Every structure is written in structure tokens, then in C-alpha cells.
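Asks: What follows is a predicted protein model with its sequence.
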Amino acid sequence: FYVVNEVVMRRLGHVPILKGDFHLLSPKVQRFVAEKAELMRPRGIFICDGTQHEAQEIIDKLVERGMLSPLKAYENNYICRTDPKDVARVESKTWMVTPDKYQTVCHTAEGVDPIMGHWMSPTQMADELDGRFPGCMAGRIMYVIPFSMGPIGGPLSKIGVQLTDSNYVVLSMRIMTRVCPSVWDALGDNDFVRCIHSVGLPRPVKQKVVNHWPCNPDRVLIAHRPPEREVWSFGSGYGGNSLLGKKCFALRIASNIAKDEGWMAEHMLIMGVTRPNGKEHFIAAAFPSACGKTNLAMLEPTLPGWKVRCVGDDIAWMKFGEDGRLYGINPEAGFFGVAPGTSKKTNPMAVATFQKNSIFTNTAETATGEYYWEGLEDEIADKNVEITTWLGDKWHIGDPGVAAHPNSRFAAPAEQCPIIHDKWQDPQGVPIEAIIFGGRRPQGVPLVFETKSWLHGIFTGSFLKSEATAAAEHTGKSVMHDPFAMRPFMGYNFGQYLQHWIDLNKPGRKVPQIYHVNWFRRDKDGKFLWPGFGENIRVIDWILRRLEGEEGSGHETPIGTVPNKGSLNLDGLGEVNWDELMSVPAAYWKEDAKEVRKFLEQQVGPDLPAEIRKEMEEQEKRIEAL
Ligand code: GTP
Ligand code: SPV
Ligand code: MN
């Protein structure tokens, strides 16, 4: 119970506390809330407790308003359609604000814009904020959300407080993070990550609100101040733009904290894999957005006797323990997964997870109250059922166009996943033995290879590439660089990030072995060469045997060790074009090596650590000799 001081009282002015007890907030939180209420001038303050009761009241209000509608075929599932202008992360309007530009970006070549990190000066940021936030919550409620990333009070966990005027964000944060009053207790009067979010549409609203989804697409700004541990987000209500615990805090801000404190905040899933012999191994994997993390994290093995259990599907916070092993936690409490392509056939465990208490955004809906999206054609009971698309149009399977937005998503509580790991909330984390990188590579890149060392693995992560996806505003299928699957989430200078990875390998530590996979290689007709999904267990099997030092399972190539013919268990798989799937084509890699050098020289320049430059040069020589 904290007394409220005069300055705070004055700043709160006449803004009433609509729910919750202001005295339970620590002086630092009181000051934060009062200061921002004075700035954004909401009509009231609502301190969230995260209970089901609280959520239900908000849901009822939103259903009445038409922003949410129940999916009647399930228990407590809702669908939400956004303004079609607010459907994905907006990378071009996402900024890191640091006094020195080169804290955020690398010294790129003359005339070359950095693609990792997007810098804005503190003075410009102040102007941008001044042009947006004063009075931006007029007529709306300001919700105060206390949340923990990671188990409350855990040694690897961190606390944030998000202010928002979006009901949808309140409901989603409650699924995606741990929201409850005990967060206040765990916080005490310590510092926390300050998250300020507004849809940017004060009342009275002067423009048309589409789909009851207030937003301000022309004025979107997502700005991070790492030194202050602060995030300001304006104009968007969607996903990574508005659920600030996720990419903004858990990656962009946390990677800065991690650098200072000697740990890692990465765009990675964590899975536990138990082999037929009963032995369990934990693996972390970094794939760019919409490239298969959720699917791998919940994989249902097609090989008999194998078991996969999910620890996390998107973000990993990892730290070396006293025993020298790397321990990882999932800082989130829910899954915000890509809907299209998710089915009982491809990802049955995700489907089981979102049968209740979930929110579906920009998916389609059937007349019988079920969700629908591309990939469910074969699983829907009545193939002629009338479907309402994400845009609200009537549609039937076979009609032109798509029913769901390609970046439509489900938000579902992790604890509902049938294969969630017993240790998914272990505050100490789970020991990671292998790290996998991967992306969508239609050509040239084999199904799997093992890197030669920690340094070679880091180099391999630095030239990770993938086809663009619908998770952000990039269009087309062009292959883009996405180092460590962190390009959109990089919190500081990428050269320093590489150095941080290098420095983690200290004497007495057992760094994970690093692998690269590609489920997305295509043949001449554009068909995937590998069936993917549950069959990916065959690749995991190979990786685990490699970890144990199995001999004869691979051969050296310039990029790493590739499986020998016969070393992958292909029982019952049908025909696989092994040679095409596993080849390391000389012409392709010679071109690629030039492109990689150009990328690292232009984008990282003098910030490229010497060790990584050396890895690049050695790999170039090996490729040249092909
Ligand atoms: P974010 O949540 O954006 O970070 O995405 P993610 O990395 O978790 O990707 P997710 O698992 O949701 O997969 C994205 C898309 O890729 C879905 O449409 C999947 O069906 C598809 N996909 C996932 N794994 C495979 C695979 O092994 N093979 C093929 N062909 N497609 C896959
Ligand atoms: C991603 O884009 O990597 C996501 C979705 O996981 S979002 O929360 O929008 O960032
Ligand atoms: Mn992601």
C-alpha cells in the first residue's frame, strides 16, 4: 500500500480511477501512470487484474459493439476483423532511438541504408511523439496492464507495464503474457519496462472507423528507447505493433538488456525432443517470421517412439548457468500463430490448443460458427458452407481470392497446448543443446547441414536469408537477408550483436552446436522437395545423432556437414529426390558467396568482428575450390 504524493495527484487531475486501487501501484508506477495520463488525457484509468471475470466484461462490451464476435462452434472463442489497413507489423515505421546512431545501426557503406536497425535521433523522436501523443486517448479508457515476461519472479524473467487504449490489446496481452496483481508484488519499487500504446484515434473521432477497429495507419510509429527501457507505439492495434511485451520488449529492448547483462534474447522456439530410448534433448530454432517456428515447436513426429513437447514457439531468453550449459525460457504465455496453413494435418497440436479461450484475427468464419482459412479445405465438414471472408464478403471454397488474410492469426493460451512441456514455466529454464537456423530457400540450400564450430555457426546465422512473408509489409517472394531471424527485431548494432555471440563462448561453457535447415527447397516445377511438418522429425533425429558424435552420418562440404545418403531415416516416406534435396551446387554457392560478402561489407562494414570476417574468407576459399 503506497501513499500517493501531491505531484502525482496533480498530474492525475480529474482523471478518475475506474477500476483497481491506485495505492497498490509502487511510487514509480504511480508516477508513470500519472505522467502519461496527463499527457494522453484519457477519460478514465482502468488497472487490469488479468482475471477471467475482467476479460469477460471487456469481451461482452466488444461483442455488443461489434468488434468481436463469438465463434459459436467453440467455447469462448472469438473472431475479430481489423481495419484492412492494419494487418501486420510495419517495419518501415519501427524505430530505435539512441543518442548515438551507431548504437543502433552499423557503419554501412557510403549511400547504403541499413536494413538491420532503424535509427531515429532523440530530438526527432521527441518531435514525433509531441505530434502524436498529447490528448491521444481523449474519450477513451487508459488500461494499465502489469505483465511479466517469464514466470513471475523468476531469475530470467522481467516485468513491464503497458498503458493502452485498446480493449483488444488488453484481451490479447492477457493471453500472451502473465497479467495479474502478483506482478505488482514481484516488482516492488524496482524499475520496469515502460510500454505506452495508443490506437491514435481520440474521441470525438473525425474519420470513419472501419470494422469497429480504431487505428491511425497514416500516423503509425513504433519507437523504442533502449537506454530508458521504454516503448512508444501509436496508430496500430495489430500484433507485434501493439502487444508490446512481444517483439518490442522481449526482443528489441530485451536484446539490449541481454547484451548488458551477458545473456541472449532471440527470435527462437524452444522444443524438447524425446527419442525412442527415452532420452530428452532441448533445441532452440530461429526462423524468420512465418517460416515455421510454431510448427516445429509443436511437431507431431511421424517416426514411431518419438515425442516432442513445446516450451515456446517464438521467443527464447537464454543464459549460461553455473554448470556452463545454456538455459532457456519462453518469456511468453501464449501463442500468436499464423492461421493459414494450420490444420489437423500440418499442426494438430496448435489446432487442439485453440479450441477454446482464443482470439482469431483476420481469419474467415463459416455460417456454422467455425473459423476458416486457406489450408482447411479438406477438413471442413460441409464444403459448400457459406463463408464470410476476413473482409466481410460472402465466399465459398473454390471462389476466386482468399478467405483469410495471409497474416491472420490465432492467439491462444500456451497452457492449453496438449504437448506443452512440464517445464515450460520452470523459472530456471531448460538446457539447450542445439541451435537451428533456417529460412525459406527455394534454391541451392540443402535440407540440413551442421556448422563447423560456434564461430562458423555465428557466421552462418549472419547470412541467414528467406523469402519475404506476409508477417510484415514486404511484398513478393524475393529472398531477403534476415540474420539470426532478427532483422526486424534487432535492438542494437548488428556488429556488436555478433561480437556478443562470440563473447558468450567463454572457457568452462558448453555452447550449443549450430545447424541450418531448409524445409522449403523446390524442384523445377516449383514443388517442395521435402514434405515438411511432422516429417521434420527425421532431420531432428539426424541432428541428435550428430550431437552424440555418430560417425559416418555426414560429409564435409564448404558450408558444413551434409547428411550422407542413407543416414536419414526415410522409412515409410515414399519417394524423395535425395540428390536434389541435399546438393550443394557449386555455381549457386559461388554466386551466393559474392552476395554474402557484399551484404556483410555494405551492411556491417567495419563493425564486422574479425573472427566472422575470417570465417567468411575461409568459407569463400572452400567454395572456390568446389
Ligand atoms: P511467426 O509467428 O511469424 O514468427 O511465424 P513462425 O515462424 O512461427 O511460422 P509458422 O510455424 O506459423 O509457419 C508459417 C507458415 O509456414 C504456415 O503457413 C505453415 O503451414 C508453413 N510451414 C511451417 N512448417 C512448414 C514445413 O515444414 N513445410 C512447409 N512446406 N510449410 C511449413
Ligand atoms: C512475427 O512477425 O515474427 C510474429 C508476429 O511472431 S508479430 O507478433 O506480429 O510480430
Ligand atoms: Mn515471430
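Replies: Yep, that arrived. Ligands and ions are numbered 1, 2, ... in the order given.

Asks: Every contact and neighbour count from this point should use C-alpha atoms.
Replies: OK.

Asks: which residue packs closest to Cys48, ignoring adjacent ones?
Replies: Ile145 (5.4 Å; CA to CA, 6 or more residues apart in numbering).

Asks: can you count the residues close to that neighbour?
Replies: Residues lying near Ile145 (other CA atoms under 10 Å) number 26.

Asks: what's downstream of the helix or strand hosting it, the next helix or strand?
Replies: For Ile145, the element it lies in under DSSP states H and E is strand 141-149. Scanning forward in sequence from strand 141-149 by DSSP H and E, the next helix or strand is strand 158-164.

Asks: quick one, the next helix or strand after that next one and strand 141-149 angle?
Replies: As assigned by DSSP H and E, the chain's next helix or strand after strand 158-164 is helix 167-176. Put simply, helix 167-176 runs at 20 degrees to strand 141-149, going by axes from the mean of the first three to the mean of the last three CA atoms, to 10 degrees.

Asks: Helix 167-176 close to ligand 1?
Replies: No: Helix 167-176 is not in contact with ligand 1 by CA under 6 Å from any ligand atom; minimum separation 12.5 Å.

Asks: Please state the offset of that helix from the chain centre?
Replies: 16 Å (CA atoms, centre = their mean, to the nearest Å).

Asks: on that earlier part again, alpha carbons of the strand holding Ile145, as PDB, please.
Replies: Presented in PDB, the C-alpha positions along strand 141-149 are these (Å, rounded to 0.1, in the frame of the first residue of the first chain):
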ATOM      1  CA  ILE A 141     -10.100   4.500 -21.200                       C
ATOM      2  CA  MET A 142      -6.400   4.000 -20.400                       C
ATOM      3  CA  TYR A 143      -5.800   0.500 -19.300                       C
ATOM      4  CA  VAL A 144      -2.800  -0.200 -17.100                       C
ATOM      5  CA  ILE A 145      -1.500  -3.700 -17.700                       C
ATOM      6  CA  PRO A 146       1.100  -5.200 -15.300                       C
ATOM      7  CA  PHE A 147       2.800  -8.100 -17.000                       C
ATOM      8  CA  SER A 148       5.600 -10.500 -16.500                       C
ATOM      9  CA  MET A 149       7.700 -11.900 -19.300                       C
END
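
Asks: hang on, Ser172 packs against Pro413?
Replies: No: using CA atoms under 8 Å as the test, Ser172 is too far from Pro413 to be in contact (9.8 Å).

Asks: thinking again about what came up before, OK, contacts around the residue nearest to Cys48?
Replies: Listed by CA atoms under 8 Å, 6 or more residues apart in numbering, the contact set of Ile145 reads 47-49, 161-163, 170, 179.

Asks: Burial check on Val385, number of neighbours?
Replies: 14.

Asks: again with the one 3 residues further on
Replies: Other residues lying near Thr388 total 20 when counted by other CA under 10 Å.

Asks: tell me the centre residue of this structure?
Replies: Centroid-nearest residue in the chain: Asp314, 4.5 Å away (criterion: CA atoms, centre = their mean).

Asks: Surely that one is in a helix?
Replies: No: judged by DSSP: H, G, I helix; E, B strand; the rest coil, Asp314 forms no part of a helix; its state is coil.

Asks: Quick check: it vs Phe287, distance?
Replies: Distance, Asp314 to Phe287, using CA to CA, to the nearest Å: 9 Å.

Asks: list residues touching both of the two?
Replies: Listed as contacting both Asp314 and Phe287 by CA under 8 Å, 6+ apart are 267-268, 293.

Asks: gap between stretch 267-278 and the chain center?
Replies: 19 Å.

Asks: could you give the mean pLDDT of it?
Replies: Throughout stretch 267-278, pLDDT has a mean value of 98.

Asks: buried stuff in that stretch?
Replies: Neighbour counts over stretch 267-278 (16 or more other CA atoms under 10 Å) mark 267-275 as buried.

Asks: Can you add pLDDT and distance to Gln603 and give the contacts of Ile145 back as JSON lines?
Replies: Compiled in JSON lines, these are given as follows (pLDDT from 0 to 100; distance: CA to CA, whole Å):
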{"residue": "Ile47", "pLDDT": "98", "distance to Gln603": "44"}
{"residue": "Cys48", "pLDDT": "98", "distance to Gln603": "43"}
{"residue": "Asp49", "pLDDT": "98", "distance to Gln603": "45"}
{"residue": "Val161", "pLDDT": "99", "distance to Gln603": "35"}
{"residue": "Gln162", "pLDDT": "99", "distance to Gln603": "34"}
{"residue": "Leu163", "pLDDT": "99", "distance to Gln603": "35"}
{"residue": "Val170", "pLDDT": "98", "distance to Gln603": "38"}
{"residue": "Val179", "pLDDT": "98", "distance to Gln603": "39"}
